[in-house]
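In: attaching a predicted model along with its sequence, questions to come.
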Amino acid sequence: MRALVLGGAGAVCKETTRDLAAYSDFDEIVVADYNLEAVTALVNEIGDPRLKPVFFNADDYDAMLDLFPQFDIVVNGLPFKYDLAVNTACVEVGVNGLDLSSEDAQFALHDKAAAKGMLFIPGVGATPGITNMMARRASQVLDVMHEAEVFFAAFRSLAPAPGLLRTTLWEFNPEEGDRDEVYFEDGSWHPTPPMSGGIAVRFHEHIGEQMVYYVPHDESNTLPRSFPSLRRAAVRGCFPPHVMDLMGALMKGGLLSNRPIAVGDETASSIDLISRALWESPASRENPVWAYGLVVQVTGERNGRRTVCTYRNHHPSQEEWGGSSAYFKNVGIPLSIGAQLIATGEGLAEGVVSAELALPTERFFEELARRGITVEETIVEEGRL
């Protein structure tokens, strides 16, 4: 079998490439990236003869249609702006695939993909991804699910890659359209501004307790569709304290805005100018602690009692996992695991289906544990209804 890894030398997906080399049974793994020099260096570093570097331009849709049919699965580690194009191309040519995030337009491709007997899973990283599978585990424990609260602490530098810098700025942009539908409750969507709804959450030992705030995120969309009994689904998250302080100050100063401003002879949105300035700053690539914290709390009923299921991830320290890899492995490894489960016929569905309905719970967590990512489960029955 042949796997194609898009963006396979990027900050996140290089960990996917490494994991596929270390754990998969693919006969050939083609690592595609716009930066051919970087992808060639990564392939040489890993030293697995199954790895082949190729140049790939993600803006060339026709090239996707020519390239994808040569493979059994497409593993998309590109920035999220390419998710719909890659998903559409996979469905058009009938090739299985998965990516790191999702948008509603991808799920509109479901019927066409199902008719071709293929599977594409949007959102198989840390959050979404591991968090979705935590919710799936709760669905197997509970008789009925009522509320799902997802919390994350993304401890990385502000700008380890251009796409991740854009993601951070997007989450703090008060003008972002997705802010109109941030969390789901009692059958409707509710808007929230950035830095609202703050609560303290205890993450694993490398991160500790942090304040988290409402974020428009994929799980708020997919979980209510997957589990119709849910009355509420919400995601709150944070970055390291110094990043939160900086983003809060920029937001309050009106600089994380799409409003055009003139600087010299150039006119651009203030958020674009801020993005460029931050990208050029060496401090934007520095971070004292690299880690990824995930907590999911699902409330429902079991045996006639109100029951709360809480899931908390753990992973090796940055000293053991190699600095920044202690963040990126938490995103790149689930993508690799999802690809391997699809390739071995362990997917649970056909069409365009979110992770919580498409992947087997026990096998997914077993494979995470093999790599050092474990999930702690706490189940509390709080009293008779």
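Out: Now that the structure is in, tell me what you want to look at. Numbering: from 1, shown residues only.

In: and the strands in the stretch 101-250 of the chain?
Out: Remark: strands of the stretch 101-250 of the chain, listed N- to C-terminal, are 119-121, 144-155, 183-185, 188-190, 199-202, 209-214, 232-238; assignment by DSSP state E, counting those that start in this stretch.

In: report the distance from the longest helix seen in the chain to the chain centre.
Out: Longest helix in the chain by number of residues (criterion: DSSP state H): helix 325-343. Taking C-alpha atoms, centre = their mean, to the nearest Å, one finds helix 325-343 lying 10 Å from the centre of the chain it belongs to.

In: how about residue 75: which residues does it bridge to?
Out: Judged by DSSP bridges, the bridge partners of residue 75 are residue 5, residue 98.

In: so what's it up against?
Out: Residue 75 makes contact with 3-6, 8, 13, 16, 20, 97-98, 335-336, 339, according to C-beta atoms under 8 Å, 6 or more residues apart in numbering. All C-beta atoms are positioned from the backbone trio N, CA, C, and that covers glycine.

In: now do 10 Å
Out: Residues in contact with residue 75, defined by C-beta atoms under 10 Å, 6 or more residues apart in numbering, are 3-8, 13, 16-17, 20, 29-32, 86, 96-100, 124, 332, 335-336, 338-340, 342-343.

In: pLDDT below threshold where in the chain?
Out: Judged against pLDDT under 70, the low-scoring parts of the chain cover residues 383-385.

In: how's it carved up into domains?
Out: Domains of the chain are assigned by automatic domain parsing as 2-125+329-360, 130-326+372-384.

In: deepest of these, which one?
Out: Mean neighbour counts were taken over these using mean count of other C-beta atoms under 10 Å, and the top value, a mean of 21, falls to domain 2-125+329-360.

In: chain center to that domain, what's the gap?
Out: Put simply, domain 2-125+329-360 sits 13 Å off its chain's centre (C-alpha atoms, centre = their mean).

In: so residue 268 sits in a strand?
Out: Yes. Secondary structure assignment places residue 268 in a strand (DSSP: H, G, I helix; E, B strand; the rest coil).

In: in space, what's closest to residue 246 - neighbours in sequence excluded?
Out: With C-beta to C-beta, 6 or more residues apart in numbering as the criterion, residue 246 has its nearest non-adjacent residue at 7.1 Å, and that residue is residue 158.

In: hang on, the earlier thing: for the domains of the chain, could you give me a markdown table that also reports distance to residue 366?
Out: Shown next, in a markdown table, are the domains of the chain (distance: least, C-beta to C-beta, whole Å):
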| stretch | distance to residue 366 |
| --- | --- |
| domain 2-125+329-360 | 9 |
| domain 130-326+372-384 | 10 |
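
In: OK, contacts around residue 338?
Out: When contacts are taken as C-beta under 10 Å, 6+ apart, residue 338 is in contact with 16, 73, 75, 97-100, 121, 123-125, 129, 133, 346-347, 355, 358-359, 364, 367.

In: out of these, which are inside helices?
Out: If you go by DSSP H, those have 16, 133, 355, 358, 364, 367 in helices.

In: is the fifth one in contact with residue 346, as I believe?
Out: It stands for residue 364. Yes. Residue 364 lies in contact with residue 346 (C-beta atoms under 10 Å); the separation is 9.2 Å.

In: picking that back up, who wins for proximity to residue 68 among the strands of the stretch 101-250 of the chain?
Out: Proximity of the strands of the stretch 101-250 of the chain to residue 68 was assessed by C-beta to C-beta; the nearest stretch is strand 119-121, lying at 11.4 Å.

In: so what are the sheet partners of the closest one and their directions?
Out: Note on strand 119-121: by DSSP bridges, its sheet partners are strand 96-98 (parallel), strand 351-352 (parallel).

In: save these as CSV, and put in distance to residue 317 too.
Out: Written out in CSV, the entries for the strands paired with strand 119-121 read as follows (distance: least, C-beta to C-beta, whole Å):
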stretch, distance to residue 317
strand 96-98, 28
strand 351-352, 37
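
In: can you pull the contacts of the residue lying closest to residue 237 once chain neighbours are set aside?
Out: For residue 237, the nearest residue in space outside its immediate sequence neighbours is residue 152; the separation is 4.1 Å by C-beta to C-beta, 6+ apart. Residue 152 makes contact with 126-128, 130-131, 201, 203, 210, 212, 215, 217, 219, 235-239, 292-296, 313, 330, according to C-beta under 10 Å, 6+ apart.

In: for residue 381, find the nearest of the strands of the stretch 101-250 of the chain.
Out: If we rank these by C-beta to C-beta, the stretch that ends up nearest is strand 144-155, at 13.5 Å.
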